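> Next comes the sequence, and after it the predicted model I'd like to discuss.
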Amino acid sequence: MKTYIEERAVEVANFIINSNATVRETARKFGISKSTVHKDVTERLVKINPKLAGEARRVLEINKSERHIRGGLATKEKYLHQHTHIKKF
């Protein structure tokens, strides 16, 4: 494995752990795809630093279990925001 990929995998994991970031947030921050983030944490990092991989994976599992709540809140916010911009004649 290339050195820069190993370094990125470690950086990605540390970012996820330190900021409780989602896969999407992490992908945006590092300019990589969500599947690359997932592969870095679940496959590559296990070979480099299994303990760090486990910690990052726990954060991602928590985020995954809560995503339906975040999605509902985002939808609620969207409709509240739209409602305040409706003009009445």
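Cool, got the structure.
> Show me the shaky parts of the protein.
For the chain, applying pLDDT under 70 flags the ranges 67-71, 73-74, 83-89.
> Which stretches in it count as helices?
3-19, 23-30, 34-39, 45-48, 50-84 (DSSP state H).
> Kindly reformat those helices as JSON lines containing mean neighbour count.
All C-beta spots, glycine's among them, are computed from the backbone N, C-alpha and C. Formatted as JSON lines, these follow (neighbours: other Cβ atoms under 10 Å):
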{"stretch": "helix 3-19", "mean neighbour count": "16"}
{"stretch": "helix 23-30", "mean neighbour count": "17"}
{"stretch": "helix 34-39", "mean neighbour count": "17"}
{"stretch": "helix 45-48", "mean neighbour count": "16"}
{"stretch": "helix 50-84", "mean neighbour count": "12"}
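> May I have stretch 31-41 exported as PDB, CA atoms only?
Taking Å, rounded to 0.1, in the frame of the first residue of the first chain, the C-alpha atoms of stretch 31-41 are listed here in PDB:
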ATOM      1  CA  GLY A  31     -12.000  15.700  -0.800                       C
ATOM      2  CA  ILE A  32     -12.500  11.900  -1.300                       C
ATOM      3  CA  SER A  33     -15.600   9.800  -1.900                       C
ATOM      4  CA  LYS A  34     -17.700   8.300   0.900                       C
ATOM      5  CA  SER A  35     -16.700   4.800  -0.300                       C
ATOM      6  CA  THR A  36     -13.000   5.700   0.100                       C
ATOM      7  CA  VAL A  37     -13.600   6.900   3.600                       C
ATOM      8  CA  HIS A  38     -15.400   3.700   4.400                       C
ATOM      9  CA  LYS A  39     -12.700   1.600   2.800                       C
ATOM     10  CA  ASP A  40      -9.900   3.500   4.600                       C
ATOM     11  CA  VAL A  41     -11.500   2.800   8.000                       C
END
